[in-house]
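# show me the folded form of this:
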Amino acid sequence: MSILKKRGFSVTKKIFSLLIVLCFVTSFTTSAFAEERLPSSHPSKQELVQAANELEYIFTDIIVEDKATGEYNVNEQELDKSKYSEEQKEGIVYFTEYLNESDSVAYASSAFKRCMSEAIGITGSELNKFMKYVDAKDWSGAAGVLAFFGLAIQPATIFLFAMTCGASPASTPPAN
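This is a model prediction of the structure:
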């Protein structure tokens, strides 16, 4: 007879006890991570409007949808004159390439979605919600999703995270 059975513990009781402890610990861990994601101060209405305007600018003036083909193109001239850093510009280009590889803007591929979710700190369904707002051109809704997770102040930084997801882009060797 095993030591556990001698002390009155069956395997079922032990597993049940471990599950309760695991659930208890997980609930506290999830709450702690959720608190880390919340912004230190809630964005003001003006900041939300600015974020919505920035998203509209990015997704209408810089990332332009070709209505005939459904593909997205980067308006290089607009991107060059934009206020964004070189890293943010690279992220916008990379994200545009991803949009063209995806079957739908509203549904990110599972690998990309998982990577973005981990990088930004939101779930895949939350990322899908953001993408649905973008697809519907509901900039206030998209900014609201970002604000809820403390990401609304500078929406362009999301594109920096996109560069860390997926395969590394191939580069052209330097000309001699």
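# how is the chain partitioned into domains?
3-37, 45-162 (automatic domain parsing).
# for the helix or strand where Glu97 lies, which helices and strands make contact with it?
Using DSSP states H and E, Glu97 sits within helix 86-101. Identification of packing neighbours for helix 86-101 by 3 or more Cβ pairs under 8 Å, 6 or more residues apart in numbering; DSSP states H and E yields strand 63-65, strand 72-74, helix 76-81, helix 157-162. Yep, even glycine has a C-beta here, placed from its N, CA and C like the rest.
# any idea of the mean pLDDT in that helix?
The average pLDDT within helix 86-101 is 85.
# could you point out which element follows the lowest-mean-pLDDT helix or strand in the chain?
Within the chain, no helix or strand scores below helix 11-37, which has a mean of 41 by mean pLDDT, DSSP states H and E. Sequence order places helix 45-57 as the next helix or strand after helix 11-37, per DSSP H and E.
# report pLDDT for the closest residue in space to Lys129 that isn't next to it in sequence.
The shortest distance from Lys129 to any non-neighbouring residue, by Cβ to Cβ, 6 or more residues apart in numbering, is to Val145 (5.6 Å). We have a pLDDT of 84 for Val145.
# so Val145 touches Met131, yeah?
No - checked against Cβ atoms under 8 Å, the pair Val145 and Met131 is beyond contact range at 9.4 Å.
# quick check: the residue lying closest to Ser117 once chain neighbours are set aside vs Phe149, distance?
Counting by Cβ to Cβ, 6+ apart, Gly124 is the residue found nearest to Ser117 once chain neighbours are left out, at 5.1 Å. Here the criterion is Cβ to Cβ, to the nearest Å. By it, Gly124 lies 13 Å from Phe149.
# try Met116
12 Å.
# please apply the same query to Lys132.
15 Å.
# equivalent analysis for Phe59, please.
In terms of Cβ to Cβ, Phe59 sits 19 Å off from Phe149.
# just Glu86 next, same as before
Per Cβ to Cβ, Glu86 is found 26 Å from Phe149.
# those two: which has the busier surroundings?
Of the pair Glu86 and Phe149, Phe149 is the one with more neighbours under other Cβ atoms under 10 Å, namely 18 against 7.
# my guess is the more buried one contacts Ile120. True?
Yes - using Cβ under 8 Å, Phe149 is in contact with Ile120, at 7.3 Å.
# was I right about Ala147 contacting Ala51?
Yes - with contact defined as Cβ under 8 Å, Ala147 reaches Ala51; the gap is 6.9 Å.
# common neighbours of these two, please.
Pro43 (Cβ atoms under 8 Å, 6 or more residues apart in numbering).
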